[in-house]
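Student: Okay, sequence plus prediction incoming.
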Amino acid sequence: MSNQRDQWSSSLGFVLAAAGSAVGLGNLWKFPYITWDNQGGGFVLVYLACILLVGMPVMMAEIIIGRHTQESPVPAFEKAAKNLPLEKFWPIVGWLGVIAGLVILSFYAVVAGWSISSFYYCIKWSTSGYVTGDVKFGEFVGNAPLQLGLTLAFSLLTAFIVTRGIAGGIEKATKVLMPVLLSILVLLTLNSFTLDGAGQALAFIFTPSPMKDGEHGFLEALGHAFFTLSLGMGAMITYGSYMGKKESILKASAAIVLLDTLIALMASFIMFTILFSFPSVVEKMGKSTAGMLFVTLPEMFYTEMPFGSIIAPIFYILVGFAALSSTISLLEVVVSLFVDKLKWSRIKATAVSSGVIFAFSVLCALSNGASAWLSNFKLFGNADSGLMYSLNKTFFANKAGFMNAFDHLSANWLLPVGGFFITLFVGWVFPAKVAADELGMLDEQGNPNKLFKTVQFLLRFIAPVAIGYIIAKVMLGTDFA
């Protein structure tokens, strides 16, 4: 290991950065949405089981690879797989992670930029009064200059933080972002207890109840447990590569999972209290989660919720901070490849990476109505039958739009396939004694102990079977985007 390689200054710094990577818009809206759709408590129990049996072991596997090699995903697999079976194959898994980070950040930066606009309008409404219909979502996403400007602003902020390095940039930023994010969540949670629906919300979340569709609910819980922890995209390998040898991977992973889950449950309580307190909001819920987050909720804050003019701007600071903590980690995955593989300076690597990603972000930003061609884009053409139609249907669920294509590709293919092979590598190929040593799970004789064997069992059998099930269902038409 090079002494010049940047590292986290503390275990807390790593935990907050990794938790920031995991915590994002999925925690604030997708998890509450799918929990509501699957009728609450029973779904939450299944989700928690999936987090412990699948999510946490895969996270530990990624951190093991990163911390052992002290490299970003591609060179990490090159080094870890040296002289092991299928030595030339495993670096491809690292490339999948880097590509996933690039693809996800391309469209995530667009959505993250929307939080800037929402915050601006909330400040405007809080000072001058709410105007019904002031923001029409279709017109908003179809405004090309505005979309490009918001995306660029968020991209530049992300790039600036990443150029500052690990301890001096990402760690410092997340040590501010995460405490502020948690403080805002606590504030909103306490406010939720003042609403009439608080008791119903708590009962809905924590009282076990049958899911409306057992297999569908299990699949959504499993899928979200995997995706919410930023697994399969190289982020945890990258962040793990900056982790000191004295830090405990087990304790850090447990803290990250706990923070991520706590934030998802708090967000759910806040959302469900609103839904039970103001039933009219339920009627406005549709399939567009983005529309709900950026249009329906602001209207509810200002027309129905007590102290909404104060809470609304605070809420969108929360949304922006959650998005930023995720975009930082996604950019670092790509930047670290250039730094480790090509030995570029961090500034050069960040500039090139950000430029390439922003070019794709432009295509995503214009594909929600601003450009007819990009909004109707299909990778294999617009045929209604034949081979090209079958390819569109198989790999993209026949979705139209550049942003939709990137979203579908990452959630349904890049992440689960990458995660699947990571479990196989650490569970079956990587030396067990080395993995156990990284986890601090060697007995007095220097052999893997019983706790490690439990982790190994989960990585060899439970996690790959579960992720394989996700991939199989995707092939049959299930959509996790």
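Tutor: Yes, it's here. Numbers count the residues shown, from 1 in each chain.
Student: from here on, contacts and neighbour counts on C-alpha atoms
Tutor: Noted.
Student: Next, the contact list for the closest residue to residue 442 other than its chain neighbours, please.
Tutor: In space, and not counting its chain neighbours, residue 442 is closest to residue 448: 4.5 Å by CA to CA, 6 or more residues apart in numbering. For residue 448, the contact set (CA atoms under 8 Å, 6 or more residues apart in numbering) comprises 432, 433, 436, 437, 441, 442.
Student: Give me the distance between residue 448 and residue 161.
Tutor: Distance, residue 448 to residue 161, using CA to CA, to the nearest Å: 40 Å.
Student: related to what we said a few turns ago, out of the contacts of residue 448, the closest to residue 343 would be?
Tutor: The closest of the contacts of residue 448 to residue 343 turns out to be residue 437 (CA to CA; 29.1 Å).
Student: pLDDT averaged over the helix or strand hosting the closest one - what is it?
Tutor: Secondary structure from DSSP states H and E places residue 437 in helix 432-439. Rounded to a whole number, the mean pLDDT of helix 432-439 is 97.
Student: Then stretch 12-24?
Tutor: Here the average pLDDT along stretch 12-24 is 92.
Student: For the stretch 301-450 of the chain, which segments count as helices?
Tutor: Along the stretch 301-450 of the chain, the stretches classed as helices by DSSP state H, counting those that start in this stretch are 308-341, 346-365, 372-375, 386-396, 402-409, 415-424, 432-439, 450-457.
Student: ok, residues contacting the third one?
Tutor: So the one you mean is helix 372-375. Helix 372-375 is contacted by residues 363, 364, 366, 367, 368, 369, 400, 401, 402 when judged by CA under 8 Å, 6+ apart.
Student: can you give me the helices in the stretch 151-300 of the chain?
Tutor: Using DSSP H, counting those that start in this stretch, the helices of the stretch 151-300 of the chain run over 171-192, 198-206, 214-227, 235-240, 249-277, 279-283, 289-291, 297-303.
Student: From the contact counts, what lies against the fifth one?
Tutor: For helix 249-277, the helices and strands in contact under the criterion 3 or more CA pairs under 8 Å, 6 or more residues apart in numbering; DSSP states H and E are helix 11-22, helix 31-37, helix 56-69, helix 171-192, helix 198-206, helix 279-283, helix 432-439.
Student: Any idea which of these gets closest to residue 347?
Tutor: That would be helix 171-192 among the helices and strands packed on helix 249-277, by CA to CA, at 17.0 Å.
Student: Against which helices or strands is the closest one packed?
Tutor: Against helix 171-192 (3+ CA pairs under 8 Å, 6+ apart) you get helix 11-22, helix 249-277, helix 308-341.
Student: For the second one, which residues meet the burial criterion?
Tutor: Burial within helix 249-277, assessed by neighbour count using 16 or more other CA atoms under 10 Å, is assigned to 249-250, 252-257, 259-261, 263-277.
Student: one step back: lowest-confidence stretch among the helices and strands packed on helix 249-277?
Tutor: For these, mean pLDDT drops lowest on helix 279-283, to a mean of 73.
Student: and that helix, how far from the chain's centre?
Tutor: With CA atoms, centre = their mean, to the nearest Å as the basis, the distance from the averaged C-alpha position of helix 279-283 to the chain average is 28 Å.
Student: For that helix, give me every contacting residue.
Tutor: Residues from elsewhere that reach helix 279-283 (CA under 8 Å, 6+ apart): 274, 275, 296, 300.
Student: Export only the CA atoms of that helix, formatted as CSV.
Tutor: This file holds the C-alpha atoms of helix 279-283, laid out as CSV (Å, rounded to 0.1, in the frame of the first residue of the first chain):
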residue,chain,number,x,y,z
PRO,A,279,-56.5,11.9,3.1
SER,A,280,-56.9,14.1,0.1
VAL,A,281,-53.2,13.6,-0.6
VAL,A,282,-53.7,9.9,-1.0
GLU,A,283,-56.1,10.6,-3.9
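Student: for the protein, what's the longest helix?
Tutor: helix 90-128 (DSSP state H).
Student: how about the next helix or strand after it: buried residues?
Tutor: As assigned by DSSP H and E, the chain's next helix or strand after helix 90-128 is helix 137-141. Buried residues in helix 137-141, counted by 16+ other CA under 10 Å: 137, 140, 141.
Student: just to revisit the earlier point, name the member of the contacts of helix 372-375 with the most neighbours.
Tutor: Compared across those, residue 364 has the highest neighbour count, 29 neighbours, by other CA atoms under 10 Å.
Student: In this structure that residue contacts residue 106, no?
Tutor: Yes - if you go by CA atoms under 8 Å, residue 364 and residue 106 touch, sitting 7.0 Å apart.
Student: joint contacts of these two?
Tutor: By CA under 8 Å, 6+ apart, residue 364 and residue 106 have no common neighbours.
Student: show me what contacts residue 109?
Tutor: Residue 109 touches 151, 154, 155, 327, 361, counting by CA under 8 Å, 6+ apart.
Student: For residue 181, state which of these is nearest.
Tutor: Nearest to residue 181, judged by CA to CA, of the contacts of residue 109 is residue 327 at 15.1 Å.
Student: can you tell me which residues contact that closest one?
Tutor: 21, 105, 108, 109, 158.
Student: Look up how far residue 453 lies from the third one.
Tutor: The reference is to residue 108. Computed as CA to CA, the residue 108 to residue 453 distance reads 38 Å.
Student: of those two, who's got more company?
Tutor: residue 108 (26 against 14).
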